[in-house]
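Peer 1: let's see this in three dimensions:
(2 chains)
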Amino acid sequence: MRVRRVLTRWLVTLGVLHGIVGFAGFFAPYDPVEQDRKSPYLPPMRFHLIDGQGHFHARPFVYALKLREGSFDRYVENTTEPQPVRFFMKGARYRLLGFLPCRRHLFGLENTRIYLLGTDAYGRDQLSRLLFGGQVSLLAGLLGAGITLSIGLCIGAVAGSFGGWRDSLLMRLAELFMALPWLYVLFAIRAFLPLAVSPLRAFFLIITVIGIVGWARPARLVRGVVLSAKERDFVRAARGFGATHGYLFRRHILPETSSVLLTQAAILIPQYVLAEMTLSFLGLGVPEPVPSWGNLLSSLQQYSVLVSYWWIYLPALAMVPFFLGYLGLASSLQERGAAYKIESRIWGI
Amino acid sequence: MRYLVRRLGHAFFLLAGASVLAFLFTALAPGTYFDEMRLNPQIAPETVAALRVQYGVDKPLPLRYASWLNSVLHGDMGFSFAYNGPVAPLLVVRARNTLLLTITSTLFAWAIALPLGVWSAERLGRLSDRLLSWGTAVLLVIPDLALALGLLIVALRSGSFPTGGMASVDFETLSPANKLRDLALHMILPVTALVLSTLPLLVRHVRASVADVLDAPFLLAALGHGIPKRTLLYRYALPAAANPLISLFGFSIGVLLSGSLLIEVVMSWPGLGPLLLEAILARDLYVVIGGMLFSTFFLVGGNLFADMLLYWADPRIRAESNAR
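Peer 2: You can find the predicted model right below:
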């Protein structure tokens, strides 16, 4: 019971986090590629409640930042005019979840622009880029894990149910793939694919590459489950009654693999998000201007940016809550699996 | 002995398989180094065609693989188009630097993880153990990239460590002792990043496997004999828990190798990582293959070392392989 509650809690946490990123258009004040050339490398603005004269405002406000005279990246606060934050404002057009045309944003300013996480070299809002970049990176992780698990399921099922030479061949291949340092393999495969491609093609390219490289471990796990499920009494009984291969697999063996697949998904997704980030950070993944958590950080490869504009680093911490969520999910799924095993031992199945 | 021979054969199979795979990947490539050369108006098309013939890029895959194998036997590992020379010497220098980083980090990480894991397993469920578990969880969810960049910011702002590269500008003029000191100073940052990125994994495994054996009757018996606690933990419990940990040792090398790829690029350590990235961008085919094979070689070597350690540490494996 307790395991179940913990599991639910992690699932809700992850749901909320993914919801924020999924509805990025609403939570982000601006379009992620919209440039504000007058304010490059603008530092994060702070919320205020008390203005320069000591007056209290119930509505939080920010001060607009203006470039200091003779400087190209130093700003001064314009403390004479507090800019109250408006909620549910109409702003830039976007498509909610990719199809619903919308103009409402959670917050914004009426006269000037608000930059809660600062801006990058082109004056693009870092918060908006962070949220939209999350869509790219998380989707890469989810789809990549989907590919890996489908391949793993197919190969594991074939190896487990047929046995014989197919089994040993596939398992040898799996051993080989598991012995390779996977990031290097990822790089090697990426090396032989076209470099300069459109963002969309690059996205699908790297999802495929990431998804294919990791098939070995899930395949082995699925094979193990299939092997043990094949010998269960109820499966033997069904076979005795003349159930076909396909029926047995669909009805009795596939459900057994779900626990392993779910746990693997919780482990693989963050790992793949990280892989996408690494590739994009190094310029081998999703290219500009489309944001992703990796290419948001790529300007940090220059030490001068790293030292002078610390807020560019903030997106690096964005996935910490996501990873924590997935880690918690994976461990409670594992616990649940263990609990099931104990249960089945008690019932003598 | 037979066990070791079998493991050695397995390692060889993995390496050979990796090289075949690498060549199969090259079949995916839509272009070669020479395609970009052809776009260059300063180079005559005939020159490019002659180069293509010279390096045999138009030959079928099995033939290319055979000629590459031949060059491996001669100690070249193919030809780097961008550097205009054999690949092996290029890679060896870089691989040495990567190895220096990885081995140092492995040693440090294990030297910290073992006592920490044992200490935490001993007080399982107490406040200090739970605090440590939370600490490792937090460290586990901070990605390598964030960790490396964060360390770099701290270092750059404080200015107390050298950042980037593995030697100061005046390295050649230093005395041997100062050279060593300079190298150590340059290693602090990347090694810290690598150790911190693997530490949580190791501590958690050490804790789990030591906690597993702490309930064993033989430990209770040893405790009853009045054997001091420290001896009990390190001489009795740890060897009994060593089996999964030694396997983890091989695995941890893989994690460190993958981690060092990124950290080398971020901290501009002249290892395999930056070379590989450069080769990918230049479509320098054989350097990419060589880089992948070198890292596979390290990983397989690390696992082989773990197997040998297991053979030495676990009498059951020795008995089993001798009985056959």
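Peer 1: and residue B:219, helix, strand or coil?
Peer 2: helix (DSSP: H, G, I helix; E, B strand; the rest coil).
Peer 1: now do it, the pLDDT please.
Peer 2: In this model, residue B:219 is scored at 85, pLDDT.
Peer 1: which residues are in contact with it?
Peer 2: By Cβ atoms under 8 Å, 6 or more residues apart in numbering or on different chains, the contact set of residue B:219 is B:213, B:232, B:236-237, B:240. Just so you know, the C-beta spots here come from the backbone N, C-alpha and C atoms, and that holds for glycine as well.
Peer 1: redo these as CSV? Include distance to residue B:273.
Peer 2: Supplementary listing: the contacts of residue B:219 in CSV, determined by distance: Cβ to Cβ, whole Å:
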residue, distance to residue B:273
B:213, 38
B:232, 43
B:236, 42
B:237, 38
B:240, 38
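Peer 1: nearest to residue B:121, of those residues?
Peer 2: residue B:237 (8.1 Å; Cβ to Cβ).
Peer 1: so what's that closest one up against?
Peer 2: Neighbouring residues of residue B:237 by Cβ under 8 Å, 6+ apart: B:118, B:210, B:213-214, B:219.
Peer 1: just the element for residue A:61, please.
Peer 2: strand A:56-67 (DSSP states H and E).
Peer 1: buried set for that strand?
Peer 2: Neighbour-count burial for strand A:56-67 flags A:61-65 (criterion: 16 or more other Cβ atoms under 10 Å in any protein chain shown).
Peer 1: same deal with stretch A:161-172?
Peer 2: Within stretch A:161-172, the residues that qualify as buried are A:161, A:167, A:170-171, counting by 16+ other Cβ under 10 Å.
Peer 1: same list, the residues you listed, but only the ones touching chain B.
Peer 2: Taking Cβ under 8 Å from any Cβ of the partner chain as the test, chain B is in contact with none of the buried residues of stretch A:161-172.
Peer 1: where does chain B dip in pLDDT?
Peer 2: Residue ranges of chain B with pLDDT under 70: B:29-38, B:55-58, B:323-324.
Peer 1: mind running it again at 90?
Peer 2: Applying pLDDT under 90 to chain B picks out residues B:1-100, B:118-130, B:132-146, B:148-189, B:197, B:200-201, B:204-324.
Peer 1: picking that back up, partner strands of the strand holding residue A:61 and their direction?
Peer 2: Strand pairing for strand A:56-67, using DSSP bridges, gives strand A:48-50 (antiparallel), strand A:75-84 (antiparallel).
Peer 1: let me have those in JSON lines, adding mean pLDDT as columns.
Peer 2: Below are the strands paired with strand A:56-67 laid out as JSON lines (pLDDT from 0 to 100):
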{"stretch": "strand A:48-50", "mean pLDDT": "81"}
{"stretch": "strand A:75-84", "mean pLDDT": "79"}
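Peer 1: put together TSV for those strands, with mean neighbour count on each row.
Peer 2: Shown next, in TSV, are those (neighbours: other Cβ atoms under 10 Å in any protein chain shown):
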stretch	mean neighbour count
strand A:48-50	13
strand A:75-84	14
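Peer 1: give me the element the most centrally placed residue in chain A is part of.
Peer 2: The residue lying closest to the centre of chain A (Cα atoms, centre = their mean) is residue A:138, at 2.2 Å. Element membership for residue A:138 (DSSP H and E) is helix A:126-162.
Peer 1: C-terminal to that helix, what's the next element?
Peer 2: In N-to-C order, the element after helix A:126-162 by DSSP H and E is helix A:164-179.
Peer 1: ok, now which ones touch residue B:14?
Peer 2: The contact partners of residue B:14, taken as Cβ under 8 Å, 6+ apart, are A:175-176, A:179, B:296, B:300.
Peer 1: using a markdown table, please lay out the residues you listed together with distance to residue B:314 and neighbour count.
Peer 2: Formatted as a markdown table, the contacts of residue B:14 follow (distance: Cβ to Cβ, whole Å; neighbours: other Cβ atoms under 10 Å in any protein chain shown):
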| residue | distance to residue B:314 | neighbour count |
| --- | --- | --- |
| A:175 | 21 | 15 |
| A:176 | 26 | 19 |
| A:179 | 21 | 22 |
| B:296 | 26 | 25 |
| B:300 | 21 | 23 |
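Peer 1: farthest-separated two in those?
Peer 2: Among the contacts of residue B:14, the pair separated by the greatest distance (Cβ to Cβ) is A:175 and B:296, at 12.7 Å.
Peer 1: need phi/psi at residue A:106.
Peer 2: The phi/psi pair for residue A:106 (degrees, to the nearest 10) reads phi -60, psi -40.
Peer 1: would you confirm that residue A:282 contacts residue A:300?
Peer 2: No: using Cβ atoms under 8 Å, residue A:282 is not in contact with residue A:300, being 11.8 Å away.
Peer 1: who's more crowded, the two?
Peer 2: residue A:282 (25 against 21; other Cβ atoms under 10 Å in any protein chain shown).
Peer 1: who's in contact with stretch A:315-328?
Peer 2: Contacts of stretch A:315-328 (Cβ under 8 Å, 6+ apart): A:6, A:10, A:13-14, A:17, A:117, A:126, A:129-130, A:133-134, A:137-138, A:266-267, A:269-270, A:273-274, A:277, A:293, A:296-297, A:300, B:137, B:140-143, B:145-146, B:149-150.
Peer 1: close to chain B: what parts of the stretch 51-200 of chain A are there?
Peer 2: Near chain B, when you scan the stretch 51-200 of chain A using Cβ under 8 Å from any Cβ, you find A:175-176, A:179-185, A:187-195.
Peer 1: could you turn the buried ones of these into a PyMOL selection?
Peer 2: Selection of buried members from those for PyMOL, criterion 16+ other Cβ under 10 Å:
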select buried, chain A and resi 176+179+180+181+182+183+184+185+187+188+189+190+191+192+193+195
